[in-house]
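Give me the fold of what follows.
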Amino acid sequence: MPNQRVKSTTVHPGDPFAVLRREPEDFTKSLRLTFRSSHDDLDWLRLARIRTANGRTFALVRHRHAPRPGTEVVAASLSTDLWADIVAVLRRLKLTEDDLAWRHPAAKPSTSLKGTAIRGSRSRTQGRISTAKRPAPVTRTITPRRNGRTARKK
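Have a look, this model is predicted:
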């Protein structure tokens with residue numbers, strides 16, 4: 001069965017597992033990350049290493065002649081929980097899930113991270129991402145008035 005693709009849930013060192021919509025210049029300006037020039041077997045590239053809060057290291061890579069815009073997130077070590085790694089990188093870079101242009105097919109949001117992952121609000125005092133749940137929405141009942149208009153009741 002050489003023509004069948006094997007679905008992998010792990011990413012090996014050097015493999016990209018996500019692409020961010022932003023370019024290296026955006027990270028240089030906003031987070032003061034330093035990208036250095038390097039090359040691999042494909043092309044010349046710009047590279048920056050980042051360390052996330054959980055201690056894992058990743059590389060942000062942009063090949064010079066890449067056909068599409070964006071910055072690849074590359075694993076520096078074996079990764080088996082791709083979604084947790086994506087969340088950690090997005091938090092480190094102060095980005096949201098909307099900043100992802102692509103993610104590895106095996107990187108599926110887990111239920112334990114839903115709602116607390118990336119879209120938390122920033123605390124003014126601590127500067128950390130809050131994982132508190134949002135308050136429940138206020139429900140309102142709408143009843144018709146006699147003149148055809150509707151009135152809202154709290």
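
Tell me how far Asp81 lies from Thr9.
9 Å (Cβ to Cβ, to the nearest Å). For the C-beta atoms, the positions are set from N, CA and C on the backbone; glycine is no exception.

the more surrounded of those two?
Asp81 (16 against 13; other Cβ atoms under 10 Å).

can you tell me which residues contact the more buried one?
By Cβ atoms under 8 Å, 6 or more residues apart in numbering, the contact list for Asp81 is empty.

Look up the pLDDT of it for me, please.
Asp81 is assigned a pLDDT of 90 by the prediction.

Repeat that for Val138.
41.

cool, Arg64 as well?
You'll see Arg64 listed with a pLDDT of 94.

wait, it sits on Asp43?
Yes - contact criterion Cβ atoms under 8 Å: Arg64 and Asp43 qualify, at 5.3 Å.

Phi first, then psi, for Leu82.
phi -60, psi -40 (degrees, to the nearest 10).

Could you tell me how many residues sit around Arg49?
Neighbour tally, Arg49, other Cβ under 10 Å: 14.

can you list the weak-confidence ranges in the chain?
Per-residue confidence for the chain (pLDDT under 70) gives these ranges: 1-8, 111-154.

Do a quick rundown of the helices in it.
24-31, 82-92 (DSSP state H).

With respect to Asp98, which of those lies nearest?
helix 82-92 (9.9 Å; Cβ to Cβ).
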